[in-house]
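**Student:** predicted model follows, preceded by the sequence.
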Amino acid sequence: MLSGSLVRGTGAALAIAAGWWWTRRRRNRVRGKVVAVTGATRGLGLELVRELGARGARVVLLGRDSDRLLRASSSLAHDRVLALPCDVTRPEEIARAVAEVRNLWGPIDVLVNNAGHIEVGPMEHMTEEDFRTSMETHFWGPLHAARAVLPDMRRARRGAVVNITSIGGVVAVPHLLPYTASKHALVGLSRGMRTELARDGVVVTTVVPGLMRTGSARNAWFKGQHRREYAWFALADGSPGLSIGVRRAARRIVDGIERGESEIWLGRGTRLMAIATAVAPELTGALLTRVARWLPRAGGIGTERRLGRDSETAITRSPLLLLSRWAERTQLRRWTRSGHLRRWSFLGVRAAIDGSVRAVRGAATPMEEG
C-alpha cells in the first residue's frame, strides 16, 4: 500500500517536473528572434514590446508617428530595438519596413498585428469612410503585413503570426459597428490562416482581448453625443471588474506566442460571452439590444468626431477612472524619465526627411516598475 502511494507520488512529482521543464524550455522561444509589432508606440503594443525585450527578443517597433516611435524606443530597458515609421493601411510602407528589417537584422520571425483604430457612436453617424478606415486598419493591414513576411517564413519553414483581435470580433458590441465589423473579419482571417499555414511550419495565434486598462479611451474617436459616448466607454474600459491590466495581458500573450497557442482569450467573461452568443443567440441579442437602448441617442456633433481627451466630463475626471488614468500616466512617465529622450530628439527631423527611423540603442536605464 505504502509502495503504491510512493510510486504514485513519485510519478506526480516527475510529471510536475517535466511540465515545469517543458514550460521553461518553451519560454526561450522568443529569445534572439526578430519580432515586429505594429501599433507599438502605446497601450498594449508598447507593453508587448517591453515583455518581448525582457525575454531576449530583438524587437521592431512599427507605428505611424515618428515622435512617438522615438519616445517609445527610448523608454525601453534593452538595446535590441529597431524603430521604423509604418502606416499599416499603406501596403508599400509595410513592404519597405519588412525589407529594411531584413537588411539590418534578417527575416522577421514573429509578426504581431496590433495596430488599431476605434470610432464610437451610433450607426446613424458612422460614414462609409469610417467603415473603410476600420477595414484597412484591422483587416487589410494585417493581411498585407502577413503576406510581406510569409515568403521568408515559408522558406525557413518556421515563424509565427499573431493577430490581436477583440471580443468585438466575436460579439457585436453596440455603438462600435465599424470596429466590430472589421474585427469579425480579422478573427475569420486569423483562424483561416492558422489552418492553411500549419503545413508550412507557420503558427498563427488569434488573441481575443476583452476590455483592457491601457488609458487608450482618450485616444479613441467619438461621434454624436461625444461626451456621453466617451463617459460610458471610458467607465467600462477602466473598470477593474470588467477589464484586465495591460501588463498582465502582455505577459499572457507572450506566453501564448512561446507555446504556439491557437487562441488566447483575455479578460473576465470573454470566452463565456462568445459561447453564449453561439449557444443562445436570441438571448444575447436581446441583452445587447437592451444595452444599445441605454446608450446615447443620435445627435450632438453628428458625423463630426472628437478625441476622448477632448470629451472629458466630471464623470470621466472622477475617481471611477483612477486605474485607467494610472495606466496612461505610467507609460508617459517611462517616456519622459528616459535619459535617452533628448539625445535622440534629432532623429525626428531625420525621420521627416527620409521617412525612416533606425534606432538600435546602446545602454539604457532599468525599466521602471509601476
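**Tutor:** Here it is on my side, so go on. Residues are numbered from 1 along each chain as shown.
**Student:** quick one: contacts for the residue nearest in space to the middle of the chain?
**Tutor:** By Cα atoms, centre = their mean, the mean C-alpha position of the chain lies nearest to N114, the distance being 4.0 Å. Residues near N114 by Cβ atoms under 8 Å, 6 or more residues apart in numbering: V37, T38, G39, A40, L44, G45, L48, I164. All C-beta spots, glycine's among them, are computed from the backbone N, C-alpha and C.
**Student:** which one's the longest strand in the chain?
**Tutor:** strand 202-209 (DSSP state E).
**Student:** identify the neighbouring strands of it in the sheet and state each direction.
**Tutor:** In the sheet containing strand 202-209, its partner strands are strand 159-164 (parallel), strand 263-266 (parallel), by DSSP bridges.
**Student:** okay if I get those as JSON lines plus mean neighbour count?
**Tutor:** JSON lines is the format used below for the strands paired with strand 202-209 (neighbours: other Cβ atoms under 10 Å):
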{"stretch": "strand 159-164", "mean neighbour count": "26"}
{"stretch": "strand 263-266", "mean neighbour count": "20"}
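**Student:** figure out which of these is closest to A172.
**Tutor:** Nearest to A172 among the strands paired with strand 202-209 is strand 263-266; the distance by Cβ to Cβ comes to 17.5 Å.
**Student:** quick one: residues in contact with that closest one.
**Tutor:** Strand 263-266 is contacted from outside by 205-210, 212, 244, 249, 252-253, 256, 271, 274, using Cβ under 8 Å, 6+ apart.
**Student:** now those in TSV, please, with extra columns for distance to S262, neighbour count and pLDDT.
**Tutor:** Conversion of the contacts of strand 263-266 to TSV gives the following (distance: Cβ to Cβ, whole Å; neighbours: other Cβ atoms under 10 Å; pLDDT from 0 to 100):
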residue	distance to S262	neighbour count	pLDDT
T205	7	22	98
T206	7	24	98
V207	11	25	97
V208	11	25	96
P209	16	24	93
G210	18	21	89
M212	21	25	81
I244	20	19	83
A249	18	26	94
R252	14	18	97
I253	13	25	97
G256	9	19	97
R271	13	16	86
A274	14	18	89
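**Student:** in terms of secondary structure, what does the strand or helix carrying L287 contact?
**Tutor:** Using DSSP states H and E, L287 sits in helix 281-294. Under the contact definition 3 or more Cβ pairs under 8 Å, 6 or more residues apart in numbering; DSSP states H and E, helix 281-294 sits against helix 270-279.
**Student:** still on that earlier bit, just how off-centre is the longest strand of the chain within its chain?
**Tutor:** Distance of strand 202-209 from its chain centroid, counting by Cα atoms, centre = their mean, to the nearest Å, is 11 Å.
**Student:** the next helix-or-strand element following it pairs with which strands, and in what direction?
**Tutor:** Next helix or strand after strand 202-209 toward the C-terminus (DSSP H and E): strand 212-213. Counting by DSSP bridges, the strands paired with strand 212-213 are strand 244-245 (parallel).
**Student:** which other residues reach the partner strand?
**Tutor:** Looking at what lies outside strand 244-245 - Cβ under 8 Å, 6+ apart - the contacts are P209, G210, L211, M212, R213, L266, G267, R268, A327.
**Student:** re earlier: tell me the buried residues in the following helix or strand past the helix holding L287?
**Tutor:** Next helix or strand after helix 281-294 toward the C-terminus (DSSP H and E): strand 305-307. Residues of strand 305-307 classed as buried: R305, R306 (neighbour count, 16 or more other Cβ atoms under 10 Å).
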